[in-house]
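Participant: model this:
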Amino acid sequence: MKRRKLLLINSVLMTIYLIGSIPYYLIANEQNQRFVIFSAIYTALVLIHGVIIGIAVLLQWVGYFKKSRGWINFSTFTMFIGAFAFIISFIVIIPMMIINSISKEKRKKSEI
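Facilitator: Below is the predicted model of the structure:
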């Protein structure tokens, strides 16, 4: 499989993750209303995670359309930071980061 197609698949999967996970996490939080402090911390972490992962997805799409390794690298780093905000997301984010690292296009000798 070409690296560009791998990056496209990864970008689509990250977009699906972002669209599907944030509402799920927030709906799951409705059951924690008895624990107000826990609920507030949980909501804050999920929203921080969502915003940072959203930025990473945008950067990844920019890197895909511009064919830029720099944007893809920055997107991978941003994903890592977003995963720290909500530790459980490492289960999904780590494989996506590995796919990002594999899918970076190689530079030609003239670019080096």
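
Participant: for the helix or strand of the chain with the lowest mean pLDDT, packing partners?
Facilitator: Averaged element by element with mean pLDDT, DSSP states H and E, the chain has its least confident helix or strand at helix 3-29 (a mean of 82). Based on contacts counted as 3 or more CB pairs under 8 Å, 6 or more residues apart in numbering; DSSP states H and E, the elements that helix 3-29 packs against are helix 36-66, helix 90-103. In this view, the C-beta of every residue, glycine as well, is placed from N, C-alpha and C.

Participant: With mean neighbour count and distance to P23 as new columns, can those helices be given to me in CSV?
Facilitator: As requested, those are exported to CSV (neighbours: other CB atoms under 10 Å; distance: least, CB to CB, whole Å):
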stretch, mean neighbour count, distance to P23
helix 36-66, 17, 10
helix 90-103, 16, 15
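
Participant: one step back: starting at the chain centroid, how far to the least confident helix or strand of the chain?
Facilitator: Taking CA atoms, centre = their mean, to the nearest Å, one finds helix 3-29 lying 7 Å from the centre of the chain it belongs to.

Participant: please begin residue numbering at 57 from this point
Facilitator: Sure thing, new numbering starts at 57, so read that last one as helix 59-85.
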